[in-house]
Structures are given as C-alpha cells and as structure tokens.
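[1] sharing a sequence plus its predicted fold:
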Amino acid sequence: MQTNASRPAKMLAVLTAVALTTVLTACKSSSGPSTENVTLNGGGSTFVNPVMSRWTHDFAAAHTGTQINYQSIGSGGGVQQVKAGTVDFGASDYPLTDANLAEMKPMLQIPETAGPVCITYNLPGLTKPLQLSAEAISGIFLGKITSWQDPILKKDNPGVALPNIKVVVAHRTDGSGTTAAFTTYLSAVSPEWSTKVGKGGAVSWPVGLGGKGSEGVTAQVRQSPGGIGYVELIYAQQNNLAVANVRNQAGNYITPSTASTTAAIAAFADQLNKDPRVPIVNAPASAPEAYPISTLTFLIIPKDGTDVGKRTMLKKFIQYIVTDGQLIASQLNYAPLPDGVKQYDQQQLSQMTVNGQPVQ
C-alpha cells in the first residue's frame with residue numbers, strides 16, 4: 001500500500017525523468033543534422049568500380065546507418081544520371097568540358113584517382129609480353145594493320161615469332177570513360193585518328209567487334225585468336241589477361257602499373273595544378289618511365305542539394321576518398337593523387353552547399 005509520504009518522491013522522480021528527456025532531446029536537435037540512416041546513390045565508371053566497391057564498403061562500415069549504392073554502368077551513364085538528378089554522385093573517367101557544364105545545373109568535378117588503360121590480346125604461342133608503338137596501336141584500330149605479320153608489329157617485337165593470323169579488333173559499344181581515355185591517346189599520337197575518328201566516350205569505330213563493358217571486350221578477345229582490345233588494369237589483373245607494353249615518347253616500352261601511371265601524372269604536374277581536366281596521355285620524353293595511356297577519374301556532384309543529411313554524409317564520403325581512401329586505391333593498383341590535385345579537391349569540396357548554405 002502506497003503511503004502519502006512516498007507520493008511526492010515518486011512525482012519528483014517522474015518530473016526529473018521528463019526534464020532529463022527534454023534536455024537530451026534539445027541537445028540532440030541542437031547538435032546539427034542527423035546523418036543516421038542515410039542512403040547515397042551513385043553510378044558511372046566501370047574503370048573505378050573495383051576501388052569504389054572498397055570505398056563504399058569501408059566507409060559504410062565506419063558510419064553506422066549509412067548505405068552507399070554504386071552502379072557500374074559506364075561513365076556516360078553516370079554523367080547522364082547525375083545530370084537527370086537520379087543519383088547523388090556520378091563517376092567518370094573523362095571530365096566534363098565547359099560546354100558540357102553549361103548544359104547542366106552547377107556541378108563540381110573532383111578527381112578521385114588515376115590508372116592506366118591496358119591493351120589486352122589473344123596471341124596463341126606468344127610467351128613474351130607484346131610490345132606496341134603508337135604507330136602500331138593507331139594502325140590496328142584504324143584498320144590499316146590487319147595481320148600480326150605486319151612489318152610495324154615485327155619492328156616492335158624483334159626476334160619474337162608473332163603468329164601468322166589476322167588482327168581482330170574489339171572495342172566498347174557503351175559510353176565509356178575507358179574509351180574516352182583510349183581515344184584521347186589515339187588522337188594525341190595519330191593525326192589521322194584525330195581527323196577521322198576523334199576522341200570521346202563513344203566514337204564511330206573504323207573497324208572491330210563491339211562489346212558492352214570490359215566484360216564484352218574481353219569476351220570478344222578471348223574467343224578470337226588474334227584478338228586485341230582495351231580494358232582497365234585492375235580488370236586485366238583480376239581476369240589474368242595478357243597486357244602489352246606500350247612505347248612512350250622516350251622510346252621505352254612501358255608496362256601499365258601504378259608506378260608508371262604516377263610517372264605520367266608527375267609529367268603533367270604543373271598543368272594539373274591549374275586544371276585537373278588536362279589529359280595525362282602521351283607524356284613527354286622527359287618522363288621516361290611514364291605509361292602513355294593513363295587517365296584521371298572524376299567524381300561529379302551537384303554543387304547544391306536540399307537534403308541536409310545526404311549532403312553532409314556525401315561530403316564526408318568524398319573527403320574520405322581523397323584522403324585516407326587513396327591508400328586503398330594504391331593497394332588496388334590505382335595511382336594516388338598528387339598533392340596539387342588533392343588541394344584542388346579540397347577547394348571543390350568547400351563549395352558544396354545545401355539549400356544555398358555551406359555543407360558542414
């Protein structure tokens with residue numbers, strides 16, 4: 001039976017609990033926007049997908065309640081989705097030009113990593129890595145070199161018994177940043193390619209069999225003796241594909257790797273510090289270790305947004321990518337960003353807004 005003396009004590013306890021709850025609620029609401037249970041959606045580059053998978057997994061694991069979905073649909077698809085507003089961020093292996101940006105709401109472009117585009121091939125009986133010059137690569141993809149017995153190919157591979165079979169070219173059919181990087185290189189080394197075909201995520205190929213994604217290109221090469229195509233390095237490694245050494249302007253045949261991509265970045269350091277959209281293909285002869293078909297990749301995000309939680313977490317995610325995430329990138333054979341480009345990234349991030357106000 002409850003006594004009269006105990007009633008005031010019980011009432012005091014109830015009032016104290018209510019007051020404490022009110023104070024805690026007020027503290028929570030004044031601490032800024034909650035970023036719990038935030039879902040971010042992105043899409044684009046297949047080139048960056050292997051490291052993006054690690055970035056999204058590791059970041060979400062460290063931020064309870066955060067989920068990041070990334071669709072590897074090709075750079076062209078990523079650009080279109082971020083333009084349409086159906087994703088929170090896009091990823092592309094080619095930067096948006098001023099003309100592209102003029103057709104979209106204000107966007108920020110943030111370099112995220114870099115890597116090489118590899119030439120993969122199917123040459124039965126070849127035991128040494130294939131060597132290819134710019135003349136050979138442009139001749140093959142222009143359809144001018146049709147046999148592996150061509151004198152240009154023999155010159156690149158002295159003393160090597162190349163098979164007496166036809167060249168079978170494979171290329172991407174989807175909008176692709178890998179294609180953009182590759183055709184940017186071809187345009188830089190071949191005036192004929194630049195005039196007849198040009199560069200971009202999708203071009204009118206003079207010759208070859210089309211495949212969707214790196215998977216499609218690889219399938220065409222594997223099923224065609226004499227086949228040759230292009231894929232990103234991590235994809236080639238994961239699928240045990242043979243890759244060619246490519247001759248650079250210094251006259252060296254360079255294996256695609258993190259180190260040779262880093263050398264290509266270093267060769268363009270001054271230009272990149274001014275504008276990270278500068279291509280890093282066909283480095284000058286002063287960079288003897290540079291792989292000539294290298295590319296930066298970019299995150300593309302709307303400058304402004306309306307969801308405070310999403311924008312706050314998106315900024316944290318990108319901040320992670322361009323800082324601690326660079327170590328993960330290097331472990332997966334992507335080249336880390338140089339300091340000048342990292343500084344540019346920080347400047348871009350500082351421009352992120354939500355409802356017109358800086359994102360905290």
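    Perfect, thanks for sending it.

[2] can we go C-alpha only for contacts and neighbour counts from here?
    Noted.

[3] for whatever helix or strand residue 80 lives in, name the packing helices and strands.
    Here residue 80 sits within helix 75-84, counting by DSSP states H and E. For helix 75-84, the elements it packs on are strand 39-44, strand 89-92, strand 294-302, judged by 3 or more C-alpha pairs under 8 Å, 6 or more residues apart in numbering; DSSP states H and E.

[4] give me the mean pLDDT for the first one.
    In this model, strand 39-44 has an average pLDDT of 97.

[5] between it and helix 75-84, how big is the angle?
    140 degrees (axes from the mean of the first three to the mean of the last three C-alpha atoms, to 10 degrees).

[6] partner strands of strand 39-44, with direction?
    strand 67-72 (parallel), strand 89-92 (parallel) (DSSP bridges).

[7] now the longest one
    Partners of strand 294-302 in the sheet, by DSSP bridges, are strand 89-92 (antiparallel), strand 107-121 (antiparallel).

[8] tell me the most buried of the strands paired with strand 39-44?
    Ranked by mean neighbour count under mean count of other C-alpha atoms under 10 Å, the strands paired with strand 39-44 are led by strand 89-92, which reaches a mean of 30.

[9] after that one, which helix or strand is next?
    helix 98-102.

[10] how far off centre is that following helix?
    The chain centroid and the centroid of helix 98-102 are separated by 20 Å under C-alpha atoms, centre = their mean, to the nearest Å.

[11] can you check stretch 71-84 too?
    Worked out by C-alpha atoms, centre = their mean, stretch 71-84 lies 12 Å from the chain centre.

[12] show me which residues of that stretch are buried.
    71-83 (16 or more other C-alpha atoms under 10 Å).

[13] CA-only coordinates of that stretch, as CSV, when you get a sec.
    Listed next in CSV are the C-alpha coordinates belonging to stretch 71-84 (Å, rounded to 0.1, in the frame of the first residue of the first chain):
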residue,chain,number,x,y,z
GLN,A,71,26.1,1.1,-60.2
SER,A,72,28.9,0.3,-62.6
ILE,A,73,27.1,1.5,-65.7
GLY,A,74,29.9,3.3,-67.6
SER,A,75,31.0,6.9,-67.4
GLY,A,76,28.4,8.0,-70.0
GLY,A,77,25.6,6.6,-67.9
GLY,A,78,27.0,8.2,-64.7
VAL,A,79,27.1,11.6,-66.3
GLN,A,80,23.5,11.2,-67.6
GLN,A,81,22.2,10.1,-64.3
VAL,A,82,23.8,12.9,-62.3
LYS,A,83,22.5,15.3,-64.9
ALA,A,84,19.0,13.9,-64.5
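
[14] who's in contact with it?
    42-47, 49, 87-94, 104-105, 174-177, 201, 213, 300-302 (C-alpha atoms under 8 Å, 6 or more residues apart in numbering).

[15] ok, of those, which come out buried?
    Applying 16+ other C-alpha under 10 Å to these flags 42-47, 49, 87-94, 174-177, 201, 213, 300-302 as buried.

[16] circling back: want to try a markdown table for the helices and strands packed on helix 75-84, with distance to residue 360 as columns?
    Converted to a markdown table, those look like this (distance: least, C-alpha to C-alpha, whole Å):
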| stretch | distance to residue 360 |
| --- | --- |
| strand 39-44 | 17 |
| strand 89-92 | 18 |
| strand 294-302 | 16 |
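
[17] out of these, the one nearest residue 193 is which?
    With C-alpha to C-alpha as the criterion, residue 193 lies closest to strand 294-302 of the helices and strands packed on helix 75-84, at 18.2 Å.

[18] how far does the closest one sit from its chain's centre?
    6 Å.

[19] buried sites along the helix or strand just after it?
    Moving toward the C-terminus from strand 294-302, the first helix or strand encountered (DSSP H and E) is helix 308-321. Neighbour counts using 16+ other C-alpha under 10 Å place 308-315, 317-318, 321 of helix 308-321 among the buried residues.

[20] ok, stretch 157-172 next?
    Here stretch 157-172 shows 157, 162, 166-172 as buried, counting by 16+ other C-alpha under 10 Å.

[21] out of those residues, list just those in strands.
    Counting by DSSP state E, the buried residues of stretch 157-172 place 168-172 in strands.

[22] let's have the residues you listed in JSON lines, adding distance to residue 248 and pLDDT.
    Formatted as JSON lines, those follow (distance: C-alpha to C-alpha, whole Å; pLDDT from 0 to 100):
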{"residue": "168", "distance to residue 248": "24", "pLDDT": "98"}
{"residue": "169", "distance to residue 248": "22", "pLDDT": "98"}
{"residue": "170", "distance to residue 248": "23", "pLDDT": "97"}
{"residue": "171", "distance to residue 248": "22", "pLDDT": "97"}
{"residue": "172", "distance to residue 248": "24", "pLDDT": "93"}
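
[23] in those, find the pair that's most separated.
    168 and 172 (13.8 Å).

[24] quick revisit: pick the most buried one from the strands paired with strand 294-302.
    Greatest burial across those, using mean count of other C-alpha under 10 Å, falls to strand 89-92, with a mean of 30.

[25] then it to CSV, C-alphas only?
    What follows is strand 89-92, C-alpha atoms only, in CSV (Å, rounded to 0.1, in the frame of the first residue of the first chain):
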residue,chain,number,x,y,z
PHE,A,89,27.0,11.5,-57.4
GLY,A,90,28.4,10.3,-60.7
ALA,A,91,31.9,8.9,-61.6
SER,A,92,33.5,9.4,-65.0
